[in-house]
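**Student:** A structural model of the following input is requested.
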Amino acid sequence: MIHIEHLSKTYRGGVRALNDINLTIPLGLYGLLGPNGAGKTSLMRILATLLEPTGGQVTVFGHDAAREPGAIRRLLGYLPQEFGAYPTLTVTEYLDYMAILSGVADRYQRVNEVLELVRLTDKRHARTRALSGGMRRRLGLAQALLADPRLLIVDEPTAGLDPEERVNLRNLLADLALERVVLLSTHIVEDVAQVAPSLAVLRRGELLYAGPVSDLIRRAEGQVWSALVDDATAAALRSRHALVGAVRTAEGQQVRVVAPEPPVPGAAPVTPTLEDGYVALMGGERS
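**Tutor:** Alright, predicted model coming up:
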């Protein structure tokens with residue numbers, strides 16, 4: 001479990017990335033959602049002891065991040081958004097090298113285990129430069145799992161992946177969360193909606209929401225509408241409200257709008273999704 005109390009981070013020049021964040025992250029898969037620049041990466045780098053906070057306290061499984069960073073690193077697996085592997089090494093060579101750096105005792109066995117976990121056993125002799133984008137993300141996850149961490153932090157793990165790879169990676173993270181804390185940071189609402197029971201939402205360094213996904217969805221009840229409109233009306237709605245979706249049909253555009261009242265005559269209320277709840281929380285701002 002992770003406890004964050006009054007956490008703040010200000011960079012040189014007075015840029016405030018995090019402002020008085022108070023958050024508890026339980027065992028299981030936890031979503032960290034927000035637009036680019038919300039402070040998600042700063043928060044994760046502080047949890048990974050790669051960045052020192054300006055103020056506040058972080059405790060990871062009883063270890064204080066300021067006083068015991070080494071203890072936290074021994075419990076940690078981290079997959080940053082920008083992951084790079086040595087291009088001339090094979091998959092097995094790269095993981096074996098990372099296992100040495102991580103102090104993994106039985107390297108051969110553990111490398112085989114993580115290769116099986118991330119479904120890369122058949123690519124064990126391939127050069128890392130020859131892997132597809134999805135395979136490289138799985139390789140990054142494999143290196144993060146080498147030391148069997150109690151805390152696994154993954155930053156934008158599905159960015160740039162095709163739909164099938166995104167689903168596979170999300171499902172793998174959900175399975176891994178049965179035995180550890182998995183912190184999934186993303187600006188893609190669907191990634192959180194499909195696998196995380198709880199989440200936190202950041203915007204401009206502020207914590208806007210922390211709690212169950214279901215509660216955030218309920219916040220949008222009575223504020224989500226569907227209507228069939230012409231192009232001019234759709235454009236007008238787009239300028240006044242948050243259009244979550246617009247599908248062109250032979251009769252016009254079927255729009256989905258987040259608004260406190262029916263945006264046009266005849267608009268029908270619809271059941272909200274997490275994206276609707278997120279948009280409502282953000283005041284119409286989408287990631």
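**Student:** Neighbours of residue 245, how many?
**Tutor:** Neighbourhood size, residue 245 [other CB atoms under 10 Å]: 13. In this view, the C-beta of every residue, glycine as well, is placed from N, C-alpha and C.
**Student:** now do the one 10 residues further on
**Tutor:** By the criterion of other CB under 10 Å, residue 255 has 23 neighbours.
**Student:** Three-state assignment for it, please.
**Tutor:** What DSSP: H, G, I helix; E, B strand; the rest coil gives for residue 255 is strand.
**Student:** And the strands in the chain?
**Tutor:** 2-10, 16-25, 28-33, 55-60, 63-64, 76-79, 151-155, 181-186, 198-203, 206-212, 224-229, 242-249, 252-258, 268-269 (DSSP state E).
**Student:** now these in CSV, with distance to residue 276 and mean pLDDT?
**Tutor:** Formatted as CSV, the strands of the chain follow (distance: least, CB to CB, whole Å; pLDDT from 0 to 100):
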stretch, distance to residue 276, mean pLDDT
strand 2-10, 27, 97
strand 16-25, 23, 96
strand 28-33, 14, 95
strand 55-60, 32, 96
strand 63-64, 38, 95
strand 76-79, 29, 93
strand 151-155, 25, 94
strand 181-186, 17, 93
strand 198-203, 13, 96
strand 206-212, 14, 96
strand 224-229, 5, 96
strand 242-249, 6, 92
strand 252-258, 6, 95
strand 268-269, 11, 96
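**Student:** Could you export those to JSON lines, including columns for distance to residue 41?
**Tutor:** Output for the strands of the chain, formatted as JSON lines (distance: least, CB to CB, whole Å):
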{"stretch": "strand 2-10", "distance to residue 41": "11"}
{"stretch": "strand 16-25", "distance to residue 41": "8"}
{"stretch": "strand 28-33", "distance to residue 41": "10"}
{"stretch": "strand 55-60", "distance to residue 41": "15"}
{"stretch": "strand 63-64", "distance to residue 41": "22"}
{"stretch": "strand 76-79", "distance to residue 41": "11"}
{"stretch": "strand 151-155", "distance to residue 41": "6"}
{"stretch": "strand 181-186", "distance to residue 41": "7"}
{"stretch": "strand 198-203", "distance to residue 41": "10"}
{"stretch": "strand 206-212", "distance to residue 41": "15"}
{"stretch": "strand 224-229", "distance to residue 41": "30"}
{"stretch": "strand 242-249", "distance to residue 41": "25"}
{"stretch": "strand 252-258", "distance to residue 41": "27"}
{"stretch": "strand 268-269", "distance to residue 41": "37"}
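**Student:** Let me know which of those is the nearest to residue 136.
**Tutor:** strand 76-79 (10.7 Å; CB to CB).
**Student:** Remind me what the closest one packs against, helices and strands.
**Tutor:** Strand 76-79 makes packing contacts with helix 133-145, strand 151-155 when contacts are defined by 3 or more CB pairs under 8 Å, 6 or more residues apart in numbering; DSSP states H and E.
**Student:** Name the residues that touch that strand?
**Tutor:** Contacts of strand 76-79 with the rest of the structure, by CB atoms under 8 Å, 6 or more residues apart in numbering, involve 44, 48-50, 60, 137, 140-141, 143-147, 149-155, 157.
**Student:** For residue 21, which of the helices and strands packed on strand 76-79 is the nearest?
**Tutor:** strand 151-155 (15.6 Å).
**Student:** residue contacts, the residue lying closest to residue 32 once chain neighbours are set aside?
**Tutor:** Leaving aside its chain neighbours, residue 32 sits nearest to residue 185 (4.1 Å; criterion: CB to CB, 6 or more residues apart in numbering). Counting by CB under 8 Å, 6+ apart, residue 185 touches 31-33, 40-41, 43-44, 153-156.
**Student:** Export these as TSV, with columns for neighbour count.
**Tutor:** Below are the contacts of residue 185 laid out as TSV (neighbours: other CB atoms under 10 Å):
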residue	neighbour count
31	23
32	28
33	30
40	25
41	18
43	29
44	21
153	22
154	28
155	22
156	20
